[in-house]
Structures are given as structure tokens and as C-alpha cells.
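Visitor: would you be able to build a 3D model of this:
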Amino acid sequence: MRHAWAVLCAVAVSAPAEEPAAVLFRDVTREAGVTFQHHSAPDKRYIVESMSGGVALFDYDNDGLVDLYFVDSLTVDTANDPKAARSALYRNRGQMKFEDVTDRMAVGHPGWGMGACTADVDGDGWQDLYVTALGGSKLYRNDRGRTFVDVTGKAGVSGSGWMAGCGFADYDRDGDLDLFVSRYVKVDLANLPEFGKGKTCEYRGIAVQCGPRGLPGEGDLLFRNDGEAKFTEVGEAAGVSDPRGYFGLGVAWFDHDDDGWPDLYVANDSRPSFLYTNQRNGTFKEVGFPMGVAVSEDGGEQGGMGVALGDYDGSGRFAIYKTNFAEEYNNLFHDDGDHFTEHAYKSKTAPPSLPYVGWGTAFIDYDNDTRLDIVAVNGHVYPQMDQARLGASAGYRQRKLLFRNLGDGTFEEIGARYGTAFTEPRVSRGLAVGDLDDDGRLDAVANDLDGSPQVLRNELKGAGHWLRVKLTGKGRNTDAIGAVVTLKAGPVAQRRLVQSGTSYLSQDDMRRHFGLGAATEAEWVEVRWPDGTTSRREKVKADQTIAIEQPR
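Guide: Reported below is the predicted structural model:
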């Protein structure tokens, strides 16, 4: 199957790149009506105050428009007052205008929030919201778009400790969605390490927050769905509990070996990352090192933060892009079939990333030219960085990166060329992408520490044609999470995965977007559903959203 795909896509890999068109992502946060403000202690004396900020793009009211959810956090001083922070849900009213519906929808106070992921957990056709938090997470059941109901206790998915990344997938292929949650550092708010005291509490000669190195880590959690949206934690029995307590952040479910069963990648901070291969019997085997995705090309541990998956070169396999700490470079692990190869330097994506601390990231065809580009948002963890001896690192506030895919396996970083949306220094964390105004161009939303987020509208003139695919799965997995959509348009074949949990602690719009370039129709669109069955459409006109429902 993979050999045939490679032959099919050979033309796409060798297609010549055109000159870049003018790029314009415009910050429309204020005019869109988004007034959310993220809260954190300004001096970040403790690691718990520097990591929050997920964002979710999902259509909670099933009106066809993508809504926004921003995660807020508490501080050490406000930890006992959950009302001191207010996460926020914005309803999309159309035409890039949003309305704050947080209080009506009862999702404003999940606690010390970290990130979010979405899925229709109970199979009723309405996307539910899971918010990770320090001290226990929240599962909000969507009551048919009228409000959300906290069903955490009934579902058994509260967990404990510092819960960070999350993602739903049907790992045991029983028809309902299970939930994986990464955990970060073990924290006792009453006994925090003293700022600047100790060898892991200093950076370039200045006192900073302690950790994660030198602090105890926490194992991860896997909640198996036992039916009726009630879960049992089975991480240890399944082999994904991380008994060594690495520092887990970004997660990504995907079928890396193409056997029809979801596998799992976990980005660990300052430790080797994990790749768990599904053994098809309820257990997993960790293969990060032999598969080449655990550490850097020279064997160094990296500060893994966010994860994106994308078939950027038409190979028919999903590469892994992982953001890391400053002076470590971001990874681009290419799936060669039986293992992954580091392509960060070969693809020319490594050098531009070196000065920055990377967080949220995504593969995004921003210009609809058929080739997946890469976006990454950045920001340091130490406000004291601006007084440090910087070396090769940027300061505390950092710009974003936009890598244009040149079509020959390499990328060109172009974010600094166009406007202020990518050049303005920010302290960003979460990132999610989706078409917020349904104009056929993918937009981006970033959640930043200590202030307003950014709603970045894609206003590129002359973008190519496009096609969007909205899937409805059968049974309880109505979002068709784990499905793979393949599209053939002209000489280019493309592949997309439906995911829950993306980027850094965030959630992309689950509708699958394809740039078609000059093609005015797709020759065919094929869906491989999570149960292995397929659906196919022939000769699909461009510039529209098509809905495909799994045959029952």
C-alpha cells in the first residue's frame, strides 16, 4: 500500500515551487470581539506559572461555524480561588465576529487550566470539551449546544497532579473513544522550590524558576472508555503510564505503522520522547529510540513541547514536527516506513528555530498551493531572560515562525517578511488552526501568557482553490477521530488525519482542509474510516465543504 502511494505521489514531491505570494495574516482579535485575557504571575518565579495557555477550535453548537475556547490559569497566590481565572468560550456569529458565551455555557472555571481537547465522547453528535488542569481536569458534556454539564466525576476522568496534553482515540477499536493525558512535573504548592536556589534554578548566570530538570516528574494516564462515557484508568496495564516520570506535554495519536490501530507519540520536556506502538491487544510497546523519534539527531535530550503531524512531501506517511527549547532546534522526523529519519537540517527548518522556545505548531497550507507549510509560535519561560547573557537565544518575547514548503523537501522561513502578525514579539503557548470565516483560507489562533490572544485572519490574495471535508462517523465516534482522508487533484495527492488533541495542549478544527492550487476539482476523495472501511467520491468540485457520512 505504501509503495503504491509513493509511486502515486512522486510527481508531487518533484513539483517545482513557485515564487511566494504576498502573505498577510492580520491580527483581528479586537475587531472580532475577543476580549479574553490570560492571567499568570508576571515574574514567573515558579514553573507552574509559565506553562498554561491551550486553545480549542470546535463547533460546539453545530451551526457550521468554528467557535473558540481559551484556557486560563491561576497563580501560586490565587491557587485557592478558582474564580480568579476565567477560561472563555466564544461563539462564532459569522463574518469573523465572536460572542462571549462563557457564563451561559458554564465552562469558565475548570481550575488551574492548562490545555483542551474535544471529541463527541458520548456519541450524541455534539462535541464535548475536556480541559486539563493542575490538580484534576474537567470533562464538560455538551448538552446539545444549550450549555455544558460537568460530568467529570461520573465519567471518572478527573485524574490528579499536573495534567497537560490530552487526546481522544479509539485505541482498542471497540467503537468508543478513549482518552490519553500526559502529566508534567509533580508539584506541591505548599512546598515549592525556592526561586534561583540550586543548579537547576539558574540560566546564563541569572536566577530563574526551578525545573523541570531537578524536579520529580509524573506518570501519564490512559482512560479506557467502558461504554456510556464511563472510563477506567488503565495506563499501567496498557504500558503507557511512564513509570520513570518523564515530563509529558504535547501528544499525538496516529497510526504510524499503517496497521489500522492508533499509536501514540508523547513529547517529553528535557527527556527522550515516547512512541508507543499499539500491540492490538490493549497494550502498547514503547519504540521511540529504535524508531528514531526519541532524541535529537546527535542523541541529545530536548525540551519537547508541541507536536504536529503532516504528509508534507507526498510520501503517504505522516511526519512529526516537534517544537523544543531554545538552541535545540525543532525536529522534523520523516517517516521512512520502517523508521523515522531526522530531516530538520535537510529540510532547512532547523536553523531558523534555534533562537526560540517553541510551543504550539501546525502543518498548514496557508496559500492553498497543495503543499503543507509549517507554523510555530514561540516565547521564553524566563522573564529574566532579557537581563541574561543571551548567547544564541532570543529574548523573553519572541516572534512566530512560518515555513513555506518549497516542494523539494525543503522549507523557507518567511514569517519575518510580511506584516506584524508574525514579527510582533509575544509570549505564546497554544496554537490552533481552522477556517474561522469559511472563506477557504486557514486562519490561526494563538493563546499567549499575560494578556490577549491573537486571532490571525488569513487574508492572502491569490490563494489557490480548496476543498474542505467534514466527516461523520458511525456509532459513538461521530467525529470519525482517527480517520484518514486522501485527495487526488491534478498531479498532487494529499493526506489528512482527523485528530483530537493537537499542537501544544490545543485542538485544531477537525474539518480537513486541502489546498488544490490551480485545480478546480478533485479527481477523487477517499476516506479510510477508523474501522478500516472506506468511502470514495469522484470528481468533486473545488471551493466548497463536502460532508461524508460513514455507511451504516
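
Visitor: so what's the residue count around the spatially closest residue to His380 that is not a sequence neighbour?
Guide: Using CB to CB, 6 or more residues apart in numbering and skipping the chain neighbours, the partner closest in space to His380 is Tyr396 (4.6 Å). All C-beta spots, glycine's among them, are computed from the backbone N, C-alpha and C. By other CB atoms under 10 Å, 20 other residues sit near Tyr396.

Visitor: equivalent analysis for Pro42, please.
Guide: By other CB under 10 Å, neighbour count at Pro42 equals 10.

Visitor: okay, it: pLDDT?
Guide: In this model, Pro42 is scored at 92, pLDDT.

Visitor: which residues are in contact with it?
Guide: Counting by CB atoms under 8 Å, 6 or more residues apart in numbering, Pro42 touches Pro383, Asp450.

Visitor: Asn378 now?
Guide: By CB under 8 Å, 6+ apart, the contact set of Asn378 is Tyr356, Val357, Gly358, Trp359, Ala394, Gln398, Arg399, Lys400, Leu401, Arg426, Ser428.

Visitor: mind checking which of these are in strands?
Guide: Among those, the members falling in strands are Gly358, Trp359, Leu401, Ser428 (criterion: DSSP state E).

Visitor: closest to Gln454 out of those residues?
Guide: When the ones in strands among the contacts of Asn378 are compared for distance to Gln454 (CB to CB), Ser428 wins out at 7.8 Å.

Visitor: what separates that closest one from Ser503, distance-wise?
Guide: Ser428 is 11 Å from Ser503, where distance means CB to CB, to the nearest Å.

Visitor: is it correct that the residue nearest to His380 falls within a helix?
Guide: No - with DSSP: H, G, I helix; E, B strand; the rest coil as the criterion, Tyr396 is coil rather than part of a helix.

Visitor: so it is in contact with Tyr356, correct?
Guide: No - judged on CB atoms under 8 Å, Tyr396 makes no contact with Tyr356 at a distance of 11.3 Å.

Visitor: related to what we said a few turns ago, overlap of the contact sets of Ser428 and Ser503?
Guide: Going by CB under 8 Å, 6+ apart, residues that sit against Ser428 and also against Ser503 are Gly360.

Visitor: buried ones among the ones in strands among the contacts of Asn378?
Guide: Burial by neighbour count, 16 or more other CB atoms under 10 Å: within the ones in strands among the contacts of Asn378 this picks out Gly358, Trp359, Leu401, Ser428.

Visitor: in TSV, list those along with distance to Phe223 and pLDDT.
Guide: Supplementary listing: those in TSV, determined by distance: CB to CB, whole Å; pLDDT from 0 to 100:
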residue	distance to Phe223	pLDDT
Gly358	28	98
Trp359	25	98
Leu401	34	97
Ser428	29	97
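
Visitor: could you dump these into TSV with distance to Gly419 added?
Guide: Below are these laid out as TSV (distance: CB to CB, whole Å):
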residue	distance to Gly419
Gly358	21
Trp359	21
Leu401	14
Ser428	16
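
Visitor: just name the closest of those residues to Gly245, please.
Guide: Among those, Trp359 lies closest to Gly245 (CB to CB), at 22.0 Å.

Visitor: for the closest one, give its distance to Met385.
Guide: From Trp359 across to Met385, the span is 15 Å (CB to CB).

Visitor: fine by me, we can end here.
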